[in-house]
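>>> I would like the atomic coordinates for the input below:
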Amino acid sequence: MAEKMRAMVLTTLAQIEIHPLKLMSIDKPTIKGRTGLILEIEACGVCRSNLHLIEGDWKNMARLRACQ
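All right, here's what the predicted structure looks like:
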C-alpha cells in the first residue's frame, strides 16, 4: 500500500468562496529514475494566477494544474 500525504486539491473550477480547495489524503509521489528528486515542503502560498485558474477565469487553460 502506498504511503499517504496531505494535499490541497482543486476538484471544481469555481469561485474560491463557493467551492474552496479540499484537504485530501493522496498517495505520496515516488522517485522515478536515477535523477528523480522529492522535496518536502513546509509551507506554500497561492499566487493570483493560481486563483484565476481555480476560479475558472481562464477556461481555455482548464487542462493546466494549479501549483502542487
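
>>> now the helix or strand harbouring residue 52: mean pLDDT?
Using DSSP states H and E, residue 52 maps to helix 48-54. Mean pLDDT, helix 48-54: 79.

>>> Number of residues surrounding residue 9?
13 (other CB atoms under 10 Å). For glycine as for every other residue, the C-beta is placed from the backbone atoms N, C-alpha and C.

>>> who touches it in this structure?
Residues near residue 9 by CB atoms under 8 Å, 6 or more residues apart in numbering: 21, 22, 23, 24, 26.

>>> Any of those buried? List them.
Buried members of the contacts of residue 9, counted by 16 or more other CB atoms under 10 Å: residue 21.

>>> Between the contacts of residue 9, which sits nearest residue 58?
Nearest to residue 58 among the contacts of residue 9 is residue 21, at 16.8 Å by CB to CB.

>>> how about the closest one, what does it touch?
8, 9, 10, 54.
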